[in-house]
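K.L.:
Return atomic coordinates for the entry below.
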Amino acid sequence: MTSISADFQTLRDRQQCALIPFITAGDPNLETTAEALRILDRNGADFIELGVPYSDPLADGPVIQAAATRALQKGTKLEHVLEMLQGVSPSLKAPIILFTYYNPILYRGIKAFLGEIAAAGVQGLVVPDLPLEEAEELIQTAASFRIEVILLVAPTSSRDRIEAIACQSQGFIYLVSVTGVTGIRSQLQNRVKHLITDLRSVTDKPIGVGFGISGPEQAHQVREWGADAVIVGSAFVKRLAEGSPSEGLQAVEKLCQELKTAITESRRESPSLQEVR
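P.N.:
Numbering: from 1, shown residues only. Sure, this is the predicted structure:
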């Protein structure tokens with residue numbers, strides 16, 4: 001099993017942009033979640049971000065909040081999600097990145113939590129409500145379990161803070177494209193391009209752009225701007241929730257194929273770190 005960092009290096013060597021779909025575990029049920037993971041893996045996902053349903057998802061917009069609420073109402077718990085993952089992850093090529101808030105980690109204890117998710121096959125971890133100043137223990141302990149903790153950079157972050165986050169983030173840097181929560185938006189602001197450039201000036205780590213990317217045109221634009229990965233969440237969650245589970249899975253498959261095609265089309269060569277500097 002390779003690391004997220006190693007997989008990104010392979011993609012960079014091939015001049016490929018990564019596709020990272022996000023889905024919420026347990027919506028509409030864990031059996032459908034497992035099948036969605038297999039479908040995404042077969043249809044071009046390079047990494048898959050799996051959200052653990054949480055009662056107070058501060059960073060999530062209405063689509064993902066609603067999915068988490070439905071999953072919780074059906075009794076989905078972290079242990080159920082990990083049990084499902086343990087069964088499906090050995091068959092996946094795409095590494096699993098777990099998206100969870102800090103409370104479940106604190107409740108179990110950092111080491112115990114990391115041991116559980118590592119046993120389930122998780123290779124990456126995103127904790128949106130954990131500030132940089134309090135992340136050191138989690139990052140260091142996660143390294144002993146071969147789990148990479150991915151930190152988020154907000155559009156409002158100062159340059160000093162961007163540098164600090166870039167230094168500590170493992171695997172890649174998660175660049176939030178909008179000020180606010182996740183959700184489907186009709187267009188991306190041009191400042192995302194400048195944020196990517198700013199990050200390139202302080203780090204050579206891969207950059208993944210998420211929040212607000214809803215379709216192939218936006219995904220292609222983000223790649224044109226030089227991102228190493230395109231992260232798409234609400235659009236997948238919305239499609240998976242529409243109609244019957246089988247119809248939702250078909251819609252997820254179609255979207256994944258469309259996004260993969262959009263980011264594998266030829267693009268202008270993005271500037272290197274040295275050129276930006």
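K.L.:
how many other residues sit next to Ser144?
P.N.:
Ser144: 11 surrounding residues under other Cβ atoms under 10 Å. Quick note: C-beta positions are derived from backbone N, CA and C, even for glycine.
K.L.:
same check, this time on Arg38
P.N.:
13.
K.L.:
which ones are touching it?
P.N.:
The neighbours of Arg38, taking Cβ atoms under 8 Å, 6 or more residues apart in numbering as the test, are 88, 91-92.
K.L.:
and Leu82, that one's in a strand?
P.N.:
No. Assigned with DSSP: H, G, I helix; E, B strand; the rest coil, Leu82 falls outside any strand and is helix.
K.L.:
Going through the contacts of Arg38, which ones are buried?
P.N.:
88, 92 (16 or more other Cβ atoms under 10 Å).
K.L.:
you'd agree Gly248 is up against Ala241?
P.N.:
Yes. At 6.3 Å, Gly248 counts as touching Ala241 under the criterion of Cβ atoms under 8 Å.
K.L.:
Give me the common contacts of the two.
P.N.:
Pro28.
K.L.:
Those two: who's more crowded?
P.N.:
Set side by side, Gly248 and Ala241 show more neighbours around Gly248, with 22 against 19, by other Cβ under 10 Å.
K.L.:
host element of that one?
P.N.:
Element membership of Gly248 [criterion: DSSP states H and E] is helix 245-264.
K.L.:
who does that helix touch, helix- and strand-wise?
P.N.:
strand 18-24, helix 30-42, helix 216-224, strand 229-232, helix 234-241 (3 or more Cβ pairs under 8 Å, 6 or more residues apart in numbering; DSSP states H and E).
K.L.:
and Val192, that's in a helix?
P.N.:
Yes. Counting by three-state DSSP, Val192 is found in a helix.
K.L.:
low-confidence ranges in the stretch 151-277 of the chain?
P.N.:
Scanning the stretch 151-277 of the chain for pLDDT under 70 picks out the ranges 178-189, 266-277.
K.L.:
do that again at 90, thanks
P.N.:
Along the stretch 151-277 of the chain, segments meeting pLDDT under 90 span 154-159, 177-195, 198, 211-214, 265-277.
K.L.:
quick one: the helix holding Gly248 to helix 234-241, angle?
P.N.:
160 degrees (axes from the mean of the first three to the mean of the last three Cα atoms, to 10 degrees).
K.L.:
Compute the inter-axis angle for helix 245-264 and strand 18-24.
P.N.:
160 degrees.
K.L.:
tell me the angle of helix 245-264 relative to helix 30-42?
P.N.:
Using the same axes, to 10 degrees, helix 245-264 lies at 30 degrees relative to helix 30-42.
K.L.:
Give me the most central residue, this protein.
P.N.:
Nearest to the mean C-alpha position of the chain, by Cα atoms, centre = their mean, lies Glu49 at 4.3 Å.
K.L.:
bridging residues for it?
P.N.:
Beta-bridge pairing for Glu49 (DSSP bridges): Phe22, Ile97.
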